[in-house]
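K.L.:
Predicted model and sequence follow; I will ask about them next.
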Amino acid sequence: MLPGFPGISAGGSAVSRVFIIFGIFVYKLLKNIVLPTTSCYNACERLFGADWEVCVRIIAGEAKGRRFSAPEGRDTRPTLDRVKESMFGMIQFDLPGAVVLDLFSGSGNLGLEAVSRGAEHAYLNDRSAVCCRVIRQNAESLGFLDRVTVTRMDYAERIRTLQEAGSRVGIVLIDAPYADGTAAKAAEQVFRSGILEEGGRVLVEHAQDQPPSVPEDCCRVLSTRHFGICAITEYGGLE
């Protein structure tokens, strides 16, 4: 019998035993590490420990391939490359010349990607002083400091300040904590505040099994893409 997997014989060729052991490993990986987590980032943390290195980079555009820093610790969860690539594929023709709002910016990952791909300006917001310091450093290292505005505020306060200033944005990126409903509240406030330009869109990253409950009287779902345990939902205004 194979250790830790009762009922499976260790007989047969060496090759077949290798495949069986590999299958057991994958099964236990999925059961005990990947499926119970709420994000791809947390799965990597469980595999490699809390201090595993996050490689954040610009995928396309002016700064393609450039790497930059992510804040240390558990409070930020950088969007993984394949999810980010698909997210920006949804808005690639709307980015050139657009004004972008990245409400939960973390390292600046999404907002800086938008600038690299042609956005005219990006508002990068986070409530963490550490994150805001890292965002400014990243923007400076990429040569984007004159095309971003970095603010340290709660998301609701940031939306209000833009509204009071009469500012308008064309694209809003929301990568909030998955489980507490913040993303839905932020998306609703964006639509009700009037800061979104006509034809503007809001993209929300969320857990696949926890879609944001944004009220239908303020916006509509345009599309949703799934990536294992992660998903991106795109919202637009009511017609």
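P.N.:
All right, it came through fine. Numbering: from 1, shown residues only.

K.L.:
Please make it C-alpha for all contacts and neighbour counts, starting now.
P.N.:
Noted.

K.L.:
Excluding its own residues, what touches the one helix or strand Tyr123 maps to? List them.
P.N.:
Using DSSP states H and E, Tyr123 maps to strand 121-125. With contact meaning Cα atoms under 8 Å, 6 or more residues apart in numbering, strand 121-125 is reached by 97-105, 108, 111-112, 114-115, 132, 135, 147-153, 155, 158.

K.L.:
Produce a PyMOL select command limited to the buried residues of these.
P.N.:
One line in PyMOL is enough to select the buried ones among the contacts of strand 121-125; burial here means 16 or more other Cα atoms under 10 Å:
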select buried, resi 98+99+100+101+102+103+104+105+108+111+112+114+115+132+135+148+149+150+151+152+153+155+158
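
K.L.:
Okay, now the unreliable bits of the chain?
P.N.:
Low-confidence segments of the chain, defined by pLDDT under 70, span residues 1-55, 72-79.

K.L.:
Which parts of it are helices?
P.N.:
14-29, 40-48, 81-89, 109-116, 129-142, 155-165, 182-193 (DSSP state H).

K.L.:
and the strand holding Tyr123 with helix 109-116, angle?
P.N.:
If you take axes from the mean of the first three to the mean of the last three Cα atoms, to 10 degrees, strand 121-125 sits at 170 degrees to helix 109-116.

K.L.:
next one: strand 121-125 to chain centre, how far?
P.N.:
Offset of strand 121-125 from its chain centre (Cα atoms, centre = their mean, to the nearest Å): 15 Å.

K.L.:
Just the C-alphas of it, formatted as PDB.
P.N.:
Only the C-alpha atoms of strand 121-125 are listed here, as PDB (Å, rounded to 0.1, in the frame of the first residue of the first chain):
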ATOM      1  CA  HIS A 121      -3.500  59.500 -16.200                       C
ATOM      2  CA  ALA A 122      -4.100  57.100 -13.300                       C
ATOM      3  CA  TYR A 123      -5.400  57.900  -9.800                       C
ATOM      4  CA  LEU A 124      -3.700  55.300  -7.500                       C
ATOM      5  CA  ASN A 125      -5.300  55.100  -4.100                       C
END
